[in-house]
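> 3D model of this:
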Amino acid sequence: MDQHPLPPAEQPPEPAPPRSRGTLALCVVSALAIAAGTLGAGVYMNKDSLVWQRILGTEPVQETVRTPADELLPLLGSARLAASGKAAGVSPKLRAEWAATREMLNGHVGLLTPEALLPAGDNEAQPSGASASPSGTQPAAEAKSFATRLASAGVGLVDAALDAPDQRSRSLAGAGFELTMQARNLLRAAGGTQEQLDRLPAPKPVSAATGVSGSSVGPAALPRFMLSGCPGNTDSPAPGSAAPESWIDGTGAQGLGPESGHALGQLADAAYRLGYAYNVAGARTAGATREGAWARSRSLVEFAAALERQFAGVGACDPLRQPAYQLPADAAVNPLDAARGGEEQLALLLRDAAATQEGDARAYLLQRAWEQGLYTRQVTGKIPDFTQIVGATTASSGKSASETAGKPAP
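This is a model prediction of the structure:
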């Protein structure tokens, strides 16, 4: 039988010739080129990407922002080494001041240093950054150098307190005051002269807003304080609500919070009570002691009265000054010592009041707190415990701070 060719549509397709290796390679290279071009264009269009930052050298540098509180751990380490040393030639007085420095720093490190940075394990572990002499105990010359470091760190803490939030400001300022005062004790124990003591750094709070120093305002010329209301009014508004109209400073400016009126009221009340105690002490003494007590009484009462007058701008507040106050039991035997027992409380209240203010008012109150701390150290021989909360009972006396200079007589 004859075979007829199939129609073209029904003929099987001829097999394709095999591709050469060169053709396959060309395809692969083309695909890679297209992918690279696409990726490159994307990277080029996003010059803020990490790739371009590395190419152009504009990659941001991660910097650690140091704060004044960061100095506390190295200082504590040095103080621990010095306090535990046994080298000869160190007087018992200097050893005692090293121990006091260590204890003081230990308290403030716990308050101001993040827990993650605290040394793990034993409390007496030496923090990084500590340094000491090869013998393990710092001699008098090195103690003098350390006193300067301590005072400088204290000044830095007080400066940081000017702009810190209220509670943080109180902790920073208290630590700064104690460090700076303890530096004086340490320097004196190391044989420092009065000239060296005068050269130690000291806090001089200056408002960042106006450049006004707290020391440039006299006791009678008080700055305008922010007051939340009459003394004793600590009611705070509901979250998210507007501040009451009484949170003003007499010029229409909104105050800082509900604690300001209470804190400044406590301050004025304590100054009145302390002034009364000194007035009684003057009446029960004679000569220069009497004149000194009465001068101190006048100064305190003038300060309290000037502070109380500012409450006239927030409403009809009850008078703070009482006709008489009940004095501590030992006032009959040691009237001057009884009066001086209230000086520490006044320093703490000045610190607390400063934390409720800002600008010139905070700078002024911090300066007054520093001066009050120095005066307390002078007349009582001790540095105020700025880690203490006013009103808390102290283990040594069993009395609250509000009982030391008298309370309103019944």
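> and residue 260, how many neighbours does it have?
25 (other Cβ atoms under 10 Å). The way it works is simple: take the backbone N, C-alpha and C, and place the C-beta from them, glycine included.
> contacting residues for it?
By Cβ atoms under 8 Å, 6 or more residues apart in numbering, residue 260 lies in contact with 225-228, 247, 353, 356-357.
> Okay, and which of those residues map to helices?
Using DSSP state H, the subset of those located in helices is residue 353.
> Out of the contacts of residue 260, who's the most crowded?
residue 227 (30 neighbours).
> tell me which residues form a beta bridge with that one?
Beta-bridge partners for residue 227, by DSSP bridges, are residue 248.
> Okay, it and residue 360: tell me how far apart.
The gap separating residue 227 from residue 360 is 15 Å, by Cβ to Cβ, to the nearest Å.
> Equivalent analysis for residue 286, please.
Residue 286 is 42 Å from residue 360, by Cβ to Cβ.
> Settle it for me: which of these two has more neighbours?
Under the criterion of other Cβ under 10 Å, the comparison of residue 286 against residue 360 puts residue 360 first, with 22 against 9.
> That one belongs to a strand, doesn't it?
No - looking at residue 360 with DSSP: H, G, I helix; E, B strand; the rest coil, it is helix, so not inside a strand.
> and which of the contacts of residue 260 is nearest residue 188?
residue 353 (30.1 Å; Cβ to Cβ).
> so that closest one makes contact with residue 267?
Yes - between residue 353 and residue 267 there is a contact at 4.8 Å, judged by Cβ atoms under 8 Å.
> give me the number of residues near residue 315?
Residues near residue 315, counting by other Cβ under 10 Å, number 12.
> That one and residue 265, how far apart?
13 Å.
> and residue 273, how many neighbours does it have?
Neighbours of residue 273 (other Cβ under 10 Å): 28.
> Likewise for the one 3 residues further on?
Around residue 276 sit 25 other residues, with neighbours defined as other Cβ under 10 Å.
> Skipping adjacent residues, who's closest to it in space?
residue 325 (4.9 Å; Cβ to Cβ, 6 or more residues apart in numbering).
> give me the beta-bridge partners of that neighbour?
residue 408.
> Could I get the contacts of residue 260 in a markdown table, plus columns for pLDDT and distance to residue 321?
Converted to a markdown table, the contacts of residue 260 look like this (pLDDT from 0 to 100; distance: Cβ to Cβ, whole Å):
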| residue | pLDDT | distance to residue 321 |
| --- | --- | --- |
| 225 | 93 | 18 |
| 226 | 90 | 22 |
| 227 | 90 | 18 |
| 228 | 85 | 21 |
| 247 | 34 | 25 |
| 353 | 95 | 18 |
| 356 | 94 | 22 |
| 357 | 94 | 23 |
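> Need the contacts of residue 260 in CSV (columns: distance to residue 304).
Shown next, in CSV, are those (distance: Cβ to Cβ, whole Å):
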residue, distance to residue 304
225, 13
226, 18
227, 15
228, 19
247, 22
353, 12
356, 17
357, 17
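> ok, of the contacts of residue 260, which one's closest to residue 197?
For the contacts of residue 260, the nearest to residue 197 is residue 353 (28.3 Å; Cβ to Cβ).
> now the stretch 151-300 of the chain, which segments are flagged as low pLDDT?
207-220, 232-258 (pLDDT under 70).
> for it, what spans make up the helices?
166-189, 194-199, 259-283, 287-309 (DSSP state H, counting those that start in this stretch).
> quick one, which of these is nearest to residue 338?
helix 259-283 (6.4 Å).
> which of the residues in the closest one are buried?
259-282 (16 or more other Cβ atoms under 10 Å).
> orientation of it relative to helix 166-189 in degrees?
40 degrees (axes from the mean of the first three to the mean of the last three Cα atoms, to 10 degrees).
> Name the residues of stretch 290-307 that are buried.
For stretch 290-307, by 16+ other Cβ under 10 Å, it's 292-294, 296-297, 300-301, 303-305, 307.
> from the residues you listed, which single one is nearest residue 163?
Nearest to residue 163 among the buried residues of stretch 290-307, with distances taken as Cβ to Cβ, is residue 307, at 23.5 Å.
> Surely residue 147 and residue 180 touch.
No - using Cβ under 8 Å, residue 147 makes no contact with residue 180, being 9.9 Å away.
> quick revisit: give the residues shared as contacts by residue 353 and residue 267.
In contact with both residue 353 and residue 267: no residue, using Cβ under 8 Å, 6+ apart.
> Determine the number of other residues adjacent to residue 180.
Neighbours of residue 180 (other Cβ under 10 Å): 26.
> hang on, it packs against residue 197?
No - if you go by Cβ under 8 Å, residue 180 and residue 197 don't touch, sitting 11.4 Å apart.
> What is the burial count for the residue lying closest to residue 95 once chain neighbours are set aside?
Nearest residue to residue 95, sequence neighbours excluded (Cβ to Cβ, 6+ apart): residue 83, at 7.2 Å. As a burial measure, residue 83 scores 18 neighbours (other Cβ under 10 Å).
> Now for residue 83: which residues touch it?
Taking Cβ under 8 Å, 6+ apart as the test, what residue 83 contacts is 95, 98-99, 101-102.
> measure it to residue 99 for me?
5 Å.
> Could you list the domains of this structure?
68-199, 214-236+243-408 (automatic domain parsing).
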